[in-house]
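K.L.:
Kindly return the folded structure for what I paste below:
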Amino acid sequence: MNRWELIRAFLTGPLIEVAVPKPGNVSRRRDFEDLSIYNFLVAYPALAGIYHEAIKRAESIRSGLLRPNEAGIGELIRRGVEASKRVQDANPNFGVIVLSIPLLMGLSMTRKILEGGEKAKLLIEESTVGDTMELYRAIRIANPKGLPSGVKYDVYSEKAFEELFRDRINLSRIAEISRERELIFREWIEGYRLTYGTFERLAERIPCPLEETIVGVFIELLAENLDTLILRKAGRDEAELVREKAKDVVEGRMSLEEFDAFMREKGDLRNPGSLADVMAVSLSLLFLAGVRVEMRNGRAWLVTSQR
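P.N.:
Predicted structure coming up:
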């Protein structure tokens with residue numbers, strides 16, 4: 001895989017994810033009052049240059065020109081968020097940026113798809129307190145919904161940077177502290193376990209109808225995992241309720257249409273954003289593995305590339 005294959009895959013996956021009409025999410029058929037599919041469509045291409053730089057740095061680490069603690073993951077995340085904000089006014093892709101940059105770098109270091117998550121984990125472990133400070137700047141720019149206040153190392157506290165520096169909190173440590181309330185950070189320290197598991201679920205179903213397959217796997221994710229965006233915004237009871245309703249869909253006790261109506265009863269309160277981020281990056285891995293889109297009888301299918 002070359003640089004541009006990596007970039008293409010990591011821009012394509014999130015664009016496909018947002019287009020597919022999934023319960024509770026923005027899609028080509030649904031918008032929220034403060035977020036539309038067009039925010040995503042302009043935000044993702046703006047990341048191409050940042051992704052290219054991330055890959056170049058990882059190649060320098062692989063060749064020994066840079067040390068792993070010089071990867072600058074936090075700075076790249078902050079610049080990615082800034083690039084996204086320059087072209088639109090919402091927060092469509094913070095989670096995808098945070099997931100994608102370390103994984104892109106990990107993949108560039110190994111060039112083996114299945115080893116990318118572990119390489120990314122090593123980079124996270126070797127990160128510095130400066131990376132965490134840059135991550136905090138990125139969070140403040142993106143301003144994601146549902147962030148708790150009054151917690152240790154509160155991102156909006158006036159003393160946050162002083163506390164991070166004093167305790168030498170790198171990305172691995174802040175991820176460990178935050179893992180129960182943020183699925184993205186859990187993925188960092190677990191070597192992208194859920195992302196790769198989702199990639200494998202998708203891959204084993206190919207050839208398959210694109211939209212039906214992505215929606216089906218997404219419902220399975222919702223049935224098996226608490227979405228941490230729902231958890232932060234709406235509380236544990238709502239997050240548990242979403243998981244139970246998703247199980248009802250998987251087991252045939254509720255239709256997909258009924259589930260979608262339930263997910264949208266309270267606006268975007270039940271928007272499963274964290275699991276949507278995982279799905280987006282899983283699709284990136286799928287396209288990196290050579291999957292292509294093909295039309296069959298008027299429907300888009302995911303098929304194995306013939307190259």
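K.L.:
Quick check: next helix or strand after the lowest-mean-pLDDT helix or strand in the chain?
P.N.:
Lowest mean confidence among the helices and strands of the chain (mean pLDDT, DSSP states H and E): helix 228-234, at a mean of 94. Once the chain leaves helix 228-234, the next helix or strand it forms, by DSSP states H and E, is helix 236-250.
K.L.:
mind saving the C-alpha coords of that following helix as CSV?
P.N.:
Only the C-alpha atoms of helix 236-250 are listed here, as CSV (Å, rounded to 0.1, in the frame of the first residue of the first chain):
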residue,chain,number,x,y,z
ARG,A,236,-26.5,5.2,31.3
ASP,A,237,-30.2,4.4,31.3
GLU,A,238,-30.7,5.7,27.8
ALA,A,239,-27.5,4.0,26.6
GLU,A,240,-28.7,0.7,28.0
LEU,A,241,-32.2,1.2,26.5
VAL,A,242,-30.6,1.7,23.1
ARG,A,243,-28.6,-1.5,23.5
GLU,A,244,-31.8,-3.4,24.5
LYS,A,245,-33.8,-2.1,21.6
ALA,A,246,-31.0,-3.0,19.2
LYS,A,247,-31.0,-6.5,20.6
ASP,A,248,-34.7,-6.6,19.8
VAL,A,249,-34.0,-5.8,16.2
VAL,A,250,-31.3,-8.4,16.0
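K.L.:
Of all the residues in it, which ones are buried?
P.N.:
238, 239, 242, 243, 245, 246, 247, 248, 249 (16 or more other CB atoms under 10 Å). (C-beta placed from N, C-alpha, C; glycine too.)
K.L.:
residues contacting the fifth one?
P.N.:
Just to be clear, that refers to residue 245. Going by CB atoms under 8 Å, 6 or more residues apart in numbering, residue 245 touches 254, 259, 262, 263.
K.L.:
quick one: it from residue 141, how far?
P.N.:
From residue 245 across to residue 141, the span is 34 Å (CB to CB, to the nearest Å).
K.L.:
Show me the strands in the stretch 201-307 of the chain, by range?
P.N.:
208-209, 291-296, 299-304 (DSSP state E, counting those that start in this stretch).
K.L.:
Any chance of the ones you listed in CSV with mean pLDDT as columns?
P.N.:
Below are these laid out as CSV (pLDDT from 0 to 100):
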stretch, mean pLDDT
strand 208-209, 98
strand 291-296, 97
strand 299-304, 96
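K.L.:
Quick one: closest of these to residue 170.
P.N.:
Set against residue 170 and scored by CB to CB, these come closest in strand 291-296, at 34.9 Å.
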